[in-house]
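[1] Build me a structure from this.
(one chain, ligands or ions: 2)
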Amino acid sequence: MQPLRGIKDILPNEVQFWQYIYNQANNILTLSNYNEIRTPILEQTNLFKRSIGDSTDIVNKEMYTFIDQGKRSITLRPEGTASIARAFISNKLYIHDNTHKLWYMGPMFRYERPQKGRQRQFHQLGIECIGSLNYIADVEVIRLAIKVLEACQISKYRLEINSIGNSEERQIYKYELVNYLIKYKEDLDSDSRKRLEVNPLRILDSKNLRTQEILNKAPKLTSCIQSESLYHFNNICKHLTYLNIPYKINEKLVRGLDYYNYTAFEIKADCLGSQDTICGGGRYDKLIECLGGPKTPAVGWAIGIERLIMITEKIININKNRPNIYIIIQGLRAEQKIWDIIRMLEEYKISFNLDFNKSNLRKQMKKASQSSADICCILGDNEVANNYVTIKWLKTSKQQKINLDKFKQYLHDIKNLIIT
Ligand code: ATP
Ligand code: MG
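    Ligands and ions are numbered 1, 2, ... in the order given. Modelled structure (predicted):
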């Protein structure tokens, strides 16, 4: 049996990186008063259609949607923001406080062509700062993305940022862009030709060289942006400069989701190849209102954990969990007595690996020396009868008999020698 295409197991030797990232994020975000939220993986399909937008690739081609036994259309979440906006509304989080700083980490599902850095089940770590129009919120959010990346030892990154204005400004720009591009319709790549009608801004994203050449002379989004949007954007840039966070203004950055306004940004990492975007985010002031909640501006980002780990695992050396003591039991009386020993080991937080094989002592000893434990602890009928355990130091083969009444004291004395 194989897992589904584009869906992977996360094996024990990788889980340590996941725990590392979770812990780093938790520490950094908790300091800034961001609280973790966990929303369901399944939502009504309509939630994503209404929030991400009907004309986007995610909704059009990438959603895992099915009809459940009650004939409802259900979708496995492709991203986190829509669910959090929904949770904000359905739990009436706005009643006591209209600003909420939230973070999440969990699996997302998109039906895409699997390749390096692109899976069908992947994971995102994300934050949402809900309730403020202030550009300071955008700056804090971007700064936190950088802090999380730096904590995961990502030092070579590029932050690209753009202002995509508000929806009226974008409407005007869309009109101007289509007017210009229509003249070159035949020269555009086929995806862009389709987008002319459904989602013209996404054409700016096209990787096709000829399309990019045509775009070079196209009207610029900035020419349609009014002073209010510009003020917001310029202030963010000013603060980023003050914070020494290098950034590049990318006038073609629009992002794939409909709900953004004002700020859009992406962080790219070197050494990831073609799927090099590690973080994407922006401001979405209309989303919560659109979904039936109160007028509530917000800004956030999501980091792709698999792409992050591709870099982190090459750099960070995480101590592998290894049992310090290998336990061998021989005989029925030892089987019971061992629980007393285990209780003592737990008390001193000394990790152990209990051998369940009913094989002979020699075989078990061999296993012990192949393990990475420091010590082997042997409890056989003889030991039980005489109230002691045999301890063998695996590196030096030094052997000791320790009276069980003094075993706690012994553990206390050697604890620092074996736990590094
Ligand atoms: P891409 O340009 O790679 O398609 P996107 O714009 O669709 O990214 P977002 O929706 O902004 O991505 O998601 C934020 C981050 O989640 C991405 O920058 C990326 O790191 C990660 N991500 C998105 N889709 C996938 C996927 N299919 N597999 C692995 N990671 C992904
Ligand atoms: Mg995508």
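
[2] CA atoms for contacts and neighbours, from now on please.
    Fine.

[3] Okay, now the unreliable bits of the stretch 201-350 of the chain?
    256 (pLDDT under 70).

[4] Any residues of it in contact with ligand 1? List them.
    Neighbours of ligand 1 within the stretch 201-350 of the chain, by CA under 6 Å from any ligand atom: 255, 256, 275, 277, 278, 279, 280, 302, 303, 304, 307.

[5] Kindly recompute the last result at 8 Å.
    255-257, 266-268, 275-281, 301-308 (CA under 8 Å from any ligand atom).

[6] hmm, which of the residues you listed are the buried ones?
    Among those, those scoring as buried are 255-257, 266-268, 276-281, 301-308 (criterion: 16 or more other CA atoms under 10 Å).

[7] what comes up buried for the longest helix along the chain?
    In the chain, taking DSSP state H as the definition, the longest helix is helix 12-31. Buried residues in helix 12-31, counted by 16+ other CA under 10 Å: 16, 17, 18, 20, 21, 22, 24, 25, 26, 28, 29.

[8] Could you list the residues in contact with the helix or strand following that helix?
    Once helix 12-31 ends, the next helix or strand along the chain (criterion: DSSP states H and E) is strand 35-36. Residues outside strand 35-36 that contact it (CA atoms under 8 Å, 6 or more residues apart in numbering) are 29, 101, 102, 103, 104.

[9] out of the residues of the stretch 201-350 of the chain next to ligand 1, which are inside helices?
    Short answer: these in helices (DSSP H) are 305, 306, 307, 308.

[10] Save the residues you listed as a markdown table, and put in distance to residue 66 too.
    Below are these laid out as a markdown table (distance: CA to CA, whole Å):
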| residue | distance to residue 66 |
| --- | --- |
| 305 | 26 |
| 306 | 26 |
| 307 | 28 |
| 308 | 30 |
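
[11] Closest to residue 8 out of those residues?
    For those, the residue nearest residue 8 by CA to CA is residue 306; the value is 10.5 Å.

[12] and that closest one, what does it touch?
    Per CA under 8 Å, 6+ apart, neighbours of residue 306: 117, 122, 123.

[13] Please apply the same query to residue 110.
    58, 62, 63, 64, 78, 119, 120, 121.

[14] Tell me, how many residues neighbour residue 411?
    Residue 411 has 17 neighbours, counted by other CA atoms under 10 Å.

[15] now swap in the one 4 residues further on and tell me
    Residues contacting residue 415 under the criterion other CA under 10 Å number 16.

[16] And residue 98, what's its pLDDT?
    Residue 98 carries a pLDDT value of 80.

[17] Need the nearest residue in space to it, chain neighbours excluded.
    Leaving out its chain neighbours, the residue that sits closest to residue 98 by CA to CA, 6 or more residues apart in numbering is residue 131, at 5.5 Å.

[18] Just to check, residue 326 is in contact with residue 379?
    No - counting by CA atoms under 8 Å, residue 326 sits too far from residue 379 to count as a contact (11.1 Å).

[19] Residue 389 in helix, strand or coil?
    Using DSSP: H, G, I helix; E, B strand; the rest coil, the structure places residue 389 in strand.

[20] For it, name its beta-bridge partners.
    Taking DSSP bridges as the rule, residue 389 bridges to residue 402.

[21] Measure how buried it is and give me the count.
    21.

[22] I figured it was touching residue 406, is that so?
    No - distance between residue 389 and residue 406: 10.3 Å, which falls outside the contact criterion (CA under 8 Å).

[23] Show me the helices in the stretch 251-400 of the chain, by range?
    Under the criterion DSSP state H, counting those that start in this stretch, helices of the stretch 251-400 of the chain are mapped to 287-290, 305-315, 332-347, 361-370, 381-385.

[24] right, so of the ones you listed, which gets closest to residue 248?
    Among the helices of the stretch 251-400 of the chain, helix 305-315 comes nearest to residue 248, with 20.9 Å by CA to CA.

[25] how far out from the middle of the chain is the closest one?
    11 Å (CA atoms, centre = their mean, to the nearest Å).

[26] cool, and stretch 302-309?
    Distance of stretch 302-309 from the chain centroid (CA atoms, centre = their mean) equals 5 Å.

[27] same thing with stretch 48-68?
    21 Å.

[28] now swap in stretch 248-260 and tell me
    For stretch 248-260, the separation from the chain centroid amounts to 21 Å (computed by CA atoms, centre = their mean).

[29] cool, stretch 70-77 as well?
    The gap between where stretch 70-77 is centred and where its chain is centred comes out at 24 Å by CA atoms, centre = their mean.

[30] Buried residues in it, which are they?
    74, 75, 76, 77.

[31] Closest to ligand 1 out of the residues you listed?
    residue 77 (11.4 Å; CA to the nearest ligand atom).

[32] And the pLDDT for the closest one?
    On the pLDDT scale, residue 77 gets 98.

[33] my guess is it contacts residue 106, does it?
    No - assessed by CA under 8 Å, residue 77 is found out of contact with residue 106, at 10.1 Å.

[34] Just the closest residue of the stretch 1-150 of the chain to ligand 1, please.
    residue 118 (3.3 Å).

[35] hey, what's that residue bridged with?
    With DSSP bridges as the rule, residue 118 is bridged to residue 115.

[36] Residue 46 versus that one, what's the distance?
    25 Å (CA to CA, to the nearest Å).

[37] Residue 374 too?
    Residue 374 is 57 Å from residue 46, by CA to CA.

[38] between the two, which one's more packed in?
    residue 374 (21 against 15).

[39] Next up, the contacts around that one.
    Counted by CA under 8 Å, 6+ apart, residue 374 has contacts 324, 325, 326, 393, 394, 395, 418.

[40] give me that answer again for 7 Å
    324, 325, 393, 394, 395, 418 (CA atoms under 7 Å, 6 or more residues apart in numbering).

[41] Just the buried residues from these, in PyMOL please.
    Only the buried entries of the contacts of residue 374 go into this PyMOL selection, using 16+ other CA under 10 Å:
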select buried, resi 324+325+393+394
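
[42] Wondering if stretch 152-166 reaches ligand 1 at all.
    No - for stretch 152-166, no contact with ligand 1 is found by CA under 8 Å from any ligand atom; the gap never falls below 11.8 Å.
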